[in-house]
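[1] Sharing a sequence plus its predicted fold:
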Amino acid sequence: MFNFDYMVQARGLAKRFPSRQGPIDAVRSVDLDVAAGEIVGFLGPNGAGKTTTLRMLTTLLKPSSGTATVAGRDLRTQPVQVRSQIGYVPQRGSTTPQARVGEELVDHGRLHGLSREEAARRGRVLIEQLDLPGTWERPTGTLSGGQRRRLDVALGLINEPPLLFMDEPTTGLDPQSRANLWQHIRALRDGRGVTVFLTTHYLEEADSLCDRILVIDHGEIVARGSPAELKREVSGDRVALQLGDPERLPGARAVLEHMPELTILRAEGDLLDFSLPDASANLPALLAALSDAGAGLAGIEVRRPTLDDVFLSLTGRELRDERVAA
């Protein structure tokens, strides 16, 4: 039975594609829960399965196995009802350059069963809320990149859904337009109570915007939690030590190797780079041991972990801004 505290619940969701070389398991077995009112980021390397998962949850692909409820409707048996309860902002947009902004909004509203008058009313409200005044009569092809993405969001909201799916919403935007769209996404949750499920290739976007993050790799969820939780649990603090004399590197390294909670990442020349859980608590004892061993430190740098560190440690890959189907 659907738990109304959650907008999305999936268990064992999987998708297998046939190929000449044999079946390909794009998504193996995904379990996920998205609570009402959350902004959830869905991250994964290219080919990890995130786009395939998103397309299943939005009824664009039929799952090979598993179950899911989306906005209280069964994904398999109630796809039409699911579509009535969600909004979808595709990665590449869905507007025709020659069509006017108002025409696109009204047409999308009509597809959702709204009258022309109601679609126009909602569209004009969204135009104002998403900072697009004066664009109603303009062809969509004349809008800036940031304006087009805000129009895509408006199209996804025309049916007033409680749940909005966004596929890489800020791809191709300049930093100012990206930050502006982040504000609008937060306003959807804070002002309208919309739950947002988004994929992104920008780790700083996930870190700044998302309440919780799901990481998928090889078709399975490999980590979940808030950005702070993932940083704390997966990666320690990064510490870089510079020695006054490169010949003291072996002795200094020997000290580090006797600390089981420490992971040496690089040791060459006069540099030692390592990860250390909770450096603020553990570093003083380590520095004392290095001093006793005569390491002769010339410099030290401590850096808190980032989502880049988390992602690399989880998948062995970086989250690159490449575009392939997943």
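    Perfect, I can see it now.
[2] buried stuff in the one helix or strand Ala252 maps to?
    Using DSSP states H and E, Ala252 sits in helix 249-257. For helix 249-257, burial by neighbour count (16 or more other Cβ atoms under 10 Å) applies to 249, 252, 255-256. C-betas here are computed from N, CA, C, even on glycine.
[3] which stretches of the stretch 1-150 of the chain aren't confidently modelled?
    1-4 (pLDDT under 70).
[4] all helices for it, in order.
    With DSSP state H, counting those that start in this stretch applied, the stretch 1-150 of the chain shows helices at 50-57, 79-85, 101-111, 116-129, 145-157, listed in chain order.
[5] quick one: which of those is nearest Ala295?
    Ala295 sits nearest to helix 50-57 of all the helices of the stretch 1-150 of the chain, at 44.6 Å, using Cβ to Cβ.
[6] Any stretches of the stretch 151-300 of the chain with poor pLDDT?
    Scanning the stretch 151-300 of the chain for pLDDT under 70 picks out 234-235.
[7] so where's the longest helix in the protein?
    helix 175-192 (DSSP state H).
[8] Show me what that helix is packed up against.
    The contact analysis (3 or more Cβ pairs under 8 Å, 6 or more residues apart in numbering; DSSP states H and E) places helix 175-192 against strand 39-43, helix 145-157, strand 195-199, helix 203-209.
[9] Please identify the buried residues of that helix?
    177-178, 180-182, 184-185, 188-189.
[10] Among those, which one lies nearest to Ile86?
    Nearest to Ile86 among those, counting by Cβ to Cβ, is Leu188 at 13.2 Å.
[11] any idea how the chain splits into domains?
    As recorded under automatic domain parsing, the domains making up the chain are 6-231, 236-304.
[12] burial of Arg303, as a residue count?
    Per other Cβ atoms under 10 Å, the neighbour tally for Arg303 reads 12.
[13] And it, how close does it get to Glu229?
    19 Å (Cβ to Cβ, to the nearest Å).
[14] cool, and Ala240?
    From Ala240 to Glu229 the distance is 25 Å (Cβ to Cβ).
[15] Counting neighbours, which bits of stretch 266-285 end up buried?
    267, 270, 272, 274-276, 279, 282.
[16] Out of those residues, list just those in strands.
    Among the buried residues of stretch 266-285, the members falling in strands (DSSP state E) are 267, 272, 274-276.
[17] can you redo those as TSV with distance to Thr96?
    Formatted as TSV, those follow (distance: Cβ to Cβ, whole Å):
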residue	distance to Thr96
Ala267	58
Leu272	58
Phe274	55
Ser275	50
Leu276	55
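[18] Just give me the closest of the residues you listed to Asp207.
    Closest to Asp207, out of all of these and judged by Cβ to Cβ, is Ser275, at 18.5 Å.
[19] residues contacting the residue lying closest to that closest one once chain neighbours are set aside?
    Spatial nearest neighbour of Ser275, excluding adjacent residues (Cβ to Cβ, 6 or more residues apart in numbering): Gly236 at 4.0 Å. With contact set as Cβ atoms under 8 Å, 6 or more residues apart in numbering, Gly236 has these partners: 261-263, 275-279, 305.
[20] one more time with 10 Å
    261-263, 274-279, 282, 304-305, 309, 313 (Cβ atoms under 10 Å, 6 or more residues apart in numbering).
[21] ok, of those, which one's closest to His201?
    Asp309 (16.7 Å).
[22] Let me know the pLDDT of that closest one.
    pLDDT recorded at Asp309 is 76.
[23] residues making contact with the helix or strand harbouring it?
    Element membership for Asp309 (DSSP H and E) is helix 307-315. For helix 307-315, the surrounding residues in contact (Cβ under 10 Å, 6+ apart) are 41, 43-45, 48, 202-207, 210, 213, 215-218, 222-223, 225, 227, 229-238, 263, 275, 303, 305-306, 317-319.
[24] which residues does the most centrally placed residue in the chain contact?
    Most central in the chain under Cα atoms, centre = their mean is Gly41, positioned 3.1 Å from the mean C-alpha point. Neighbour list for Gly41: 166, 196-200, 202-203, 205-207, 209-215, 227, 307 [criterion: Cβ under 10 Å, 6+ apart].
[25] Please repeat the previous calculation with a cut-off of 6 Å.
    198, 200, 206, 210, 213 (Cβ atoms under 6 Å, 6 or more residues apart in numbering).
[26] Got a quick ChimeraX command for the buried subset of these?
    To isolate the buried members of those in ChimeraX, using 16+ other Cβ under 10 Å:
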select :198,200,206,210,213
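[27] tell me the pLDDT at Arg317?
    58.
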